[in-house]
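Student: using only what follows, build the 3D model:
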Amino acid sequence: MLYRLIKLVSLAGVYTFFRRISPQHVNNIPTDSPVIFVSNHPNTMIDPLVVGTTCNRKLFFFAKSTLFNNPFSKWLLPKLQLVPIYRKQDDPSQINKNEDTFEKGFHILKNNGAFLIFPEGVSTGDRTLSKIKTGAARIGFGAMVKNNWKLNITMIPVGLSYSNAIKFKSNVIVRYGNPINLKAFKQQYDLDEFKVVNQLTDQIETALTKLTTNVNDLASEEIVSALELIYKKELMTDLGLDIKNKSDDFSATKGLVNGVEWYFKNEPNKVEEFKEKFQNYQNHLSLLKLKDEFLDPSNKSITFFERIQIVTYIILGFPIYLYGIINNIIPYKLPRLIAKQFARSKSEIAPTKLITGIGVFVIYYILEILVFYLLANNLLLTTAYILSLIPSGNFVLSYIFRIRKYRQHLRFLTVFYQKRYLMYQIIEERQALIQFINKAKDEYIKIENI
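Tutor: Numbers count the residues shown, from 1 in each chain. Next up is the predicted model:
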């Protein structure tokens, strides 16, 4: 009962926090046989929520034992189907307790259950994949051996790719990889148990690399992020990809990652040249308080009729915006302040926002509803008020986005007419950057096709 309630709340929270969650290849997941999900881990507590709400299986979650350190969490977390994993870096003396963890995993699999484990063992918040541990493979093979290889255990790699790991209303792609059937390893396992465990672990790492937009090091991430900002839309257009299609979006980013890492390895001087050009371009944009998107020639200019529409929207929408601000500003801002104060790492920012946000919104909405009912003393009006709270909050976000975008457009026009020479200079810088990237892309493709 408690698990179902928490899952329902988590589902509402996750789909409110993210603009879009895009699960892909869910049909790879068996519906009635034991499954081990192995996933990368960029976003601490949000990762299990995202997988749990998209995989269509009732999940157990293997989590670090430090989450169970106080009496309340020790009582609550097992009821939410969390199983502690004892890591060497937390307390070497507790490692022997993993025998109970493995037994719990064996029991789940024997009963055709499913669990999620993060084989990296850590969450950094960066777009990198840490070294994969052998725990998932050992639990899987342990369950097979204990049941005389009669279980039909499937391992499903899961790739999580966030457009922005810490930003509210960002996007996440959840890619379920090809199933790995553990029965296929029996003959090799009988010959050399240690070798096969490492072989499966390497296979998991390879799969997660393919399923995510991770980079090998943080230096590459900086360049990939720059290319996503200035070049990805143009690249997708050139390749005939659909900008709104999340699978195409993933493919484009993956192509950028592969290209950047090749240049880091083979042409580091060109990487440094790009970094210098891009940094100069960004500095000039910052001086004029402009964004790159307004210099992109593929963007259509706003017509006179569209300007009238925008201004009308701003004027007529202002009362709704004001109403939404009054009812939502405190629960919207408070989780941000809490995350800024208490999140100890990048990977904890979004989970802190989400979890505190759920609590703050629920408490604040209850108080607002009670106050409204006491003042209005009318059940029908109170019901209408309740139904307006979430839509009005969403309208505020949309309204602010539209105003900021239109303000940037006006800023662009002002700078263009007042400082035309500087604008032409920046546009030329951008064109030079794009030409530099296109040349690098053509050279990379040519070499890759040899």
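Student: mind telling me what element Ile329 is part of?
Tutor: Secondary structure assignment for Ile329, by DSSP states H and E: helix 304-342.
Student: what residues of the next helix or strand after that helix count as buried?
Tutor: Downstream of helix 304-342, the next assigned helix or strand under DSSP H and E is helix 346-376. Across helix 346-376, burial judged by 16 or more other CB atoms under 10 Å covers 346-361, 364-365, 368, 372-373. In this view, the C-beta of every residue, glycine as well, is placed from N, C-alpha and C.
Student: chain center to helix 346-376: distance?
Tutor: Remark: helix 346-376 is offset 23 Å from the chain centroid, using CA atoms, centre = their mean, to the nearest Å.
Student: same deal with stretch 69-85?
Tutor: 25 Å.
Student: stretch 431-440 too?
Tutor: With CA atoms, centre = their mean, you get 29 Å for stretch 431-440.
Student: and that stretch, what's buried?
Tutor: Buried residues in stretch 431-440 (16+ other CB under 10 Å): 433, 437, 440.
Student: verify the contact between the last one and Val260 for me.
Tutor: To tie it back to what came earlier, the one meant is Ala440. No - at 9.6 Å, Ala440 and Val260 do not qualify as touching, with contact defined as CB atoms under 8 Å.
Student: got a markdown table for the buried residues of stretch 431-440, with pLDDT and distance to Asn98 too?
Tutor: Output for those, formatted as a markdown table (pLDDT from 0 to 100; distance: CB to CB, whole Å):
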| residue | pLDDT | distance to Asn98 |
| --- | --- | --- |
| Leu433 | 92 | 51 |
| Ile437 | 93 | 48 |
| Ala440 | 91 | 47 |
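Student: distance between the helix or strand containing Leu5 and the chain's centre?
Tutor: For Leu5, the host element (DSSP H and E) is helix 2-17. Chain-centre distance of helix 2-17: 17 Å, with CA atoms, centre = their mean.
Student: and if you look at stretch 238-245?
Tutor: 21 Å.
Student: what do you get for stretch 39-55?
Tutor: Averaging C-alpha coordinates over stretch 39-55 and over its chain gives two centres that are 9 Å apart (CA atoms, centre = their mean).
Student: how long is that stretch end to end?
Tutor: Using CA to CA, to the nearest Å, the end-to-end distance of stretch 39-55 comes to 12 Å.
Student: buried ones in that stretch?
Tutor: Neighbour counts over stretch 39-55 (16+ other CB under 10 Å) mark 39-55 as buried.
Student: same question for it, mean pLDDT?
Tutor: The average pLDDT for stretch 39-55 rounds to 89.
Student: not counting its neighbours along the chain, what's nearest the residue nearest the centre of the chain?
Tutor: Against the mean C-alpha coordinate of the chain, by CA atoms, centre = their mean, the closest residue is Tyr162 at 2.5 Å. Nearest residue to Tyr162 in three dimensions, chain neighbours excluded: Val172, at 4.9 Å (CB to CB, 6 or more residues apart in numbering).
Student: contacting residues around the residue located most distally from the centre of the chain?
Tutor: Using CA atoms, centre = their mean, the residue of the chain lying farthest from its centre is Asn377. It sits 43.6 Å away. Contacts for Asn377 (CB atoms under 8 Å, 6 or more residues apart in numbering) come out as none.
Student: from Trp149, how far off is Gly142?
Tutor: In this view, Gly142 and Trp149 are 12 Å apart by CB to CB, to the nearest Å.
Student: so what sits against both of these two?
Tutor: In contact with both Gly142 and Trp149: no residue, using CB under 8 Å, 6+ apart.
Student: all strands for this protein, in order.
Tutor: For the chain, applying DSSP state E gives strands covering 20-24, 35-39, 59-64, 82-85, 114-117, 154-162, 171-176, 180-181.
Student: nearest to Thr253, out of the ones you listed?
Tutor: Of all these, strand 154-162 sits nearest to Thr253, with 7.5 Å by CB to CB.
Student: in a markdown table, list the buried residues of stretch 431-440 along with distance to Ala12.
Tutor: Shown next, in a markdown table, are the buried residues of stretch 431-440 (distance: CB to CB, whole Å):
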| residue | distance to Ala12 |
| --- | --- |
| Leu433 | 42 |
| Ile437 | 41 |
| Ala440 | 45 |
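Student: read off the pLDDT value for the residue nearest to the centre of the chain.
Tutor: Per-residue pLDDT puts Tyr162 at 89.
Student: coming back round to it: now the helix holding Leu5: buried residues?
Tutor: 6-7, 10, 13-14, 16-17.
Student: same thing with stretch 209-224?
Tutor: 209, 211-215, 220-221, 223-224.
Student: can you check stretch 247-254 too?
Tutor: 249-250, 252-254.
Student: now do stretch 125-142
Tutor: By neighbour count on 16+ other CB under 10 Å, the buried set for stretch 125-142 is 125-130, 132-142.
Student: in helices, which of the residues you listed fall?
Tutor: 135-142 (DSSP state H).
Student: now pLDDT too, for the residues you listed, in TSV please.
Tutor: What follows is these, written out as TSV (pLDDT from 0 to 100):
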residue	pLDDT
Gly135	91
Ala136	93
Ala137	95
Arg138	94
Ile139	94
Gly140	95
Phe141	96
Gly142	94
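Student: and the two most separated of the buried residues of stretch 247-254?
Tutor: Between all members of these, the farthest pair (by CB to CB) comes out as Asp249 and Lys254, at 9.6 Å.
Student: what touches both of these two?
Tutor: By CB under 8 Å, 6+ apart, no residue touches both Asp249 and Lys254.
Student: in stretch 27-34, which residues are buried?
Tutor: Judged by neighbour count using 16+ other CB under 10 Å, the buried positions of stretch 27-34 are 29-30, 33-34.
Student: format these as CSV; extra columns: distance to Asp242 and pLDDT.
Tutor: Converted to CSV, the buried residues of stretch 27-34 look like this (distance: CB to CB, whole Å; pLDDT from 0 to 100):
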residue, distance to Asp242, pLDDT
Ile29, 25, 96
Pro30, 30, 94
Ser33, 35, 94
Pro34, 37, 96
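Student: a markdown table for the residues you listed, including distance to Met423?
Tutor: Putting these into a markdown table (distance: CB to CB, whole Å) gives the following:
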| residue | distance to Met423 |
| --- | --- |
| Ile29 | 52 |
| Pro30 | 57 |
| Ser33 | 62 |
| Pro34 | 62 |
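Student: which residues does the helix holding Leu5 contact?
Tutor: Helix 2-17 has contacts (CB under 8 Å, 6+ apart) with 21, 46, 49-50, 52-53, 79-81, 168-169, 350, 353-355, 357-358, 390.
Student: please redo it, this time with the cut-off set to 6 Å
Tutor: Residues from elsewhere that reach helix 2-17 (CB atoms under 6 Å, 6 or more residues apart in numbering): 49, 53, 79-81, 354, 358.
Student: measure how buried the closest residue to Ser251 other than its chain neighbours is and give me the count.
Tutor: Distance criterion CB to CB, 6+ apart; nearest residue to Ser251, sequence neighbours excluded, is Leu241 at 6.8 Å. Leu241 has 18 neighbouring residues, counting by other CB atoms under 10 Å.
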